[in-house]
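S.K.: Mind looking at a prediction? Sequence and model below.
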Amino acid sequence: MRFVVPSNQAKEPDMQVTMTINGESVTKECEPRTLLVHFIRDIVGLRGTHWGCDTSNCGTCVLWVDGEPVKSCTILAAMADGREVRTVEGLEQNGQLDPIQEGFRECHGLQCGFCTPGMMMTGRWILDNNPNPSEEEIREGISGQLCRCTGYHNIVKSIQWAAEHPAENEVKA
Amino acid sequence: MQTPAPLADYVRATSVADAIAQLEKYGEDARLVAGGHSLIPMMRLRLARPEALIDINDLDELKSIKVEGNEIVVGAMVRHREVLDSPLLFEHYPIFRECEKVIADPVVRNRGSVGGSYCQADPSEDLSALGSALRGSVVIQNSTGTRTVPMREFHFGPYMTQVGDGEILTEVRFPIRPGAGSAYEKVERRVGDWAVASVGTFVVVKNGVVEDCGIGLAAVGAEHFCVPAAEEFLIGKAPTEENLEQAAAMAAEGCNPSSDQRGPADYKKHLAKELTLRALRRSVQSSQGA
């Protein structure tokens, strides 16, 4: 389902927003009320970031703003103007998957895949702040995100796998 | 799908003075946005319909945690995560870390701000219970100057505070009490939820007697998040189990919770007593004079 403004409310976009997304400067028009998740998915066209509960609970829309994970359904695109955004598409560097992505593949860290982008973005951040987290620290770190398939077990294992297999010259946004 | 109602304008404030000038320009239909993690959900539900948003995320002057005289000063734009991680706050009051650990979740704590939490004034706000327990105060600024309001006079009721049109809460101040022990107890349905009931306390024990104490309660209908009678009972008495129990019972008696999806009123009252007792016990244990 796409983000569509009902026709009776449709109006011309009325502000210009510029942000760095995965290292590239992007300028687009949107309304002041546009949520960042819709800006990224429907205006910029990066659909890796998922749109879930709309109530700041599920965390599938997590991306980074200025180096920190944020639930992008709870921030306006305008608030990210001039900031650095990193989405799940920005995990891969020069054709190399990030260890967190490899971890999810190795450890079967997803079934339906809906929560995966948010889980990976938070997982990457957990490891950037604490390269050797305990299981408890990982579980606490992803506690603001919901997975209805895995019971979290394999997600925790995937993040642990990534901790054990750091990339050389890891690139951080 | 929930998208906020159309917004006429969005501006970035460059200083506190600029934020106040912008508030005055847009009038009562303007709102400040800090982390946005209360306001934007309210806007999506159309419970808030501001015409203009004034973003104060760039105001570095509101981002510090420091000691001034005998008070700890926390800037309005300090994020929950910074409160959780602050060695300074933990050194004086472990309650800060205990309380923050059960506020929302790590990703939300990255954005949510101290000033935003106080101004949202949710009746279940954990920081409000903490602020009332510690008898803190807030500093409110407008174009004519600043005023300091005790936390226990800050709320008019749910979602209503002393911050008026054209005003900004700039900092929250907490008195330093050497030797104080403190603790926070919360029961929630699941991680990150609002409290079913929560209680924060501090106790200063000197020469075997409670010299000072504070009890703050959230989500249980305690006026101004406190029950002063319970504190007055305990001050000057020995921190025996019996006295702590009596104070906890008085605290619960002073609450007026409502039954809702988080539980029936009598259960919340039971929690108010039990959590007060647990928090008081641990505060007494960690008070350096105990």
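M.R.: Right, received. Where do you want to start?
S.K.: Enumerate the residues of chain A near chain B.
M.R.: A:1, A:3, A:5, A:9, A:11, A:15, A:31-35, A:38, A:54-57, A:59, A:62, A:68-71, A:74-76, A:78-79, A:81, A:122, A:140-141, A:143-145 (Cβ under 8 Å from any Cβ of the partner chain). In short, each C-beta sits where N, CA and C put it, glycine included.
S.K.: Chain A: helices as residue ranges?
M.R.: In chain A, the segments counted as helices under DSSP state H are A:36-38, A:99-106, A:116-129, A:135-141, A:153-164.
S.K.: Put the alpha carbons of the second one into PDB.
M.R.: Translated: helix A:99-106. The C-alpha atoms that make up helix A:99-106 are tabulated as PDB, following Å, rounded to 0.1, in the frame of the first residue of the first chain:
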ATOM      1  CA  PRO A  99      28.300  -8.400   8.700                       C
ATOM      2  CA  ILE A 100      24.900  -7.800  10.200                       C
ATOM      3  CA  GLN A 101      23.300  -8.800   6.900                       C
ATOM      4  CA  GLU A 102      25.500 -11.800   6.600                       C
ATOM      5  CA  GLY A 103      24.500 -12.700  10.200                       C
ATOM      6  CA  PHE A 104      20.800 -12.700   9.400                       C
ATOM      7  CA  ARG A 105      21.500 -14.900   6.400                       C
ATOM      8  CA  GLU A 106      23.800 -17.300   8.300                       C
END
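S.K.: How about the residues of the stretch 101-250 of chain B by chain A?
M.R.: B:Ala104, B:Asp105, B:Pro106, B:Val107, B:Val108, B:Asn110, B:Arg111, B:Val191, B:Gly192.
S.K.: what about the last one, how many neighbours?
M.R.: What it means is B:Gly192. 20 (other Cβ atoms under 10 Å in any protein chain shown).
S.K.: so what's it up against?
M.R.: Contact partners of B:Gly192, counting by Cβ atoms under 8 Å, 6 or more residues apart in numbering or on different chains, are A:Asn57, A:Ser143, A:Gly144, B:Ala104, B:Asp105, B:Val108.
S.K.: One more pass at 6 Å, please.
M.R.: Shown in contact with B:Gly192 (Cβ atoms under 6 Å, 6 or more residues apart in numbering or on different chains): A:Gly144, B:Ala104, B:Asp105.
S.K.: That one: what's its closest spatial neighbour, skipping adjacent residues?
M.R.: Spatial nearest neighbour of B:Gly192, excluding adjacent residues (Cβ to Cβ, 6 or more residues apart in numbering or on different chains): B:Asp105 at 4.2 Å.
S.K.: Could I get the phi/psi values of that neighbour?
M.R.: phi -140, psi 170 (degrees, to the nearest 10).
S.K.: Drop anything exposed from the contacts of B:Gly192.
M.R.: The neighbour-count test (16 or more other Cβ atoms under 10 Å in any protein chain shown) marks A:Gly144, B:Ala104, B:Asp105 as buried among these.
S.K.: The first one - nearest residue in space that isn't next to it in sequence?
M.R.: Spatial nearest neighbour of A:Gly144, excluding adjacent residues (Cβ to Cβ, 6+ apart): B:Asp105 at 2.6 Å.
S.K.: That neighbour and B:Gly157: what is the separation?
M.R.: In this view, B:Asp105 and B:Gly157 are 28 Å apart by Cβ to Cβ, to the nearest Å.
S.K.: What residues does whichever residue of the stretch 1-150 of chain B sits closest to chain A make contact with?
M.R.: Nearest residue of the stretch 1-150 of chain B to chain A, counting by Cβ to the nearest Cβ: B:Asp105, 2.6 Å away. Shown in contact with B:Asp105 (Cβ under 6 Å, 6+ apart): A:Ser143, A:Gly144, B:Gly192.
S.K.: what residue ranges in the stretch 151-290 of chain B are flagged as low confidence?
M.R.: For the stretch 151-290 of chain B, residues meeting the criterion pLDDT under 70 lie at B:289-290.
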